[in-house]
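S.K.: got a predicted structure here, sequence first:
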Amino acid sequence: MSSHKRVALASTADLNEGGKGVRFDVRNAAGVLIPAFVVCFDGQYFAYLNQCGHIAIQLDYMPGEFFSDDGRTLVCATHGAEYAPDSGACLGGPCYGVGLTPIEIVEENQHLYLANDNYTLVD
């Protein structure tokens with residue numbers, strides 16, 4: 001059981017299927033600040049570190065713009081690496097099999113909460 005308080009990342013009302021994601025920042029166990037994001041896909045919510053598997057740069061070209069035009073894949077705007085929204089797996093492009101790093105979240109009362117002992121939310 002986690003010893004830290006769950007912190008709300010977003011309201012589920014802020015996320016639409018295949019639409020804009022919500023960005024947030026976390027710190028890892030070493031205290032390093034890392035950008036992250038959450039998206040809605042197939043009626044579920046998925047959160048990842050906002051770092052391409054190809055090069056550790058942020059995926060979105062505009063804040064929250066992670067999905068391809070058809071809303072079926074997450075795309076790195078810099079080099080076109082594509083990822084599965086529900087697993088973070090590399091689907092193609094220069095990520096060469098290196099997927100996104102997931103962050104465990106939970107949904108409760110229409111809010112999403114960080115539920116991962118490896119990261120803490122930055123206000």
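M.R.: Structure received. Numbers count the residues shown, from 1 in each chain.
S.K.: Gly92: neighbouring residues, count only.
M.R.: Applying other CB atoms under 10 Å, we find 12 residues neighbouring Gly92. The way it works is simple: take the backbone N, C-alpha and C, and place the C-beta from them, glycine included.
S.K.: and Phe13, that one's in a strand?
M.R.: Heads up, residue 13 is Ala, not Phe. No: using DSSP: H, G, I helix; E, B strand; the rest coil, the assignment for Ala13 is helix, not a strand.
S.K.: roughly how far does it sit from Tyr119?
M.R.: Relative to Tyr119, Ala13 is positioned 24 Å away (CB to CB, to the nearest Å).
S.K.: and what of Gly19?
M.R.: Separation of Gly19 from Tyr119 (CB to CB) stands at 24 Å.
S.K.: neighbour count winner among Ala13 and Tyr119?
M.R.: Each of Ala13 and Tyr119 has its neighbours counted (other CB under 10 Å); Tyr119 has more, 21 against 8.
S.K.: against Asn109, how distant is the spatially most central residue of the chain?
M.R.: By CA atoms, centre = their mean, the chain has its centre lying nearest to Tyr48, at 2.9 Å. To Asn109, Tyr48 is 23 Å away according to CB to CB.
S.K.: so where's the chain shaky on pLDDT?
M.R.: The chain contains residues with pLDDT under 70 at 1-7.
S.K.: all strands of it, in order?
M.R.: Taking DSSP state E as the test, the strands found in the chain are 8-11, 22-27, 33-41, 44-49, 74-75, 82-83, 90-92, 102-103, 105-108, 111-114, 120-122.
S.K.: next, count neighbours for the residue nearest to Phe41 when sequence neighbours are not counted.
M.R.: Nearest residue to Phe41 in three dimensions, chain neighbours excluded: Pro85, at 3.7 Å (CB to CB, 6 or more residues apart in numbering). Residues contacting Pro85 under the criterion other CB under 10 Å number 24.
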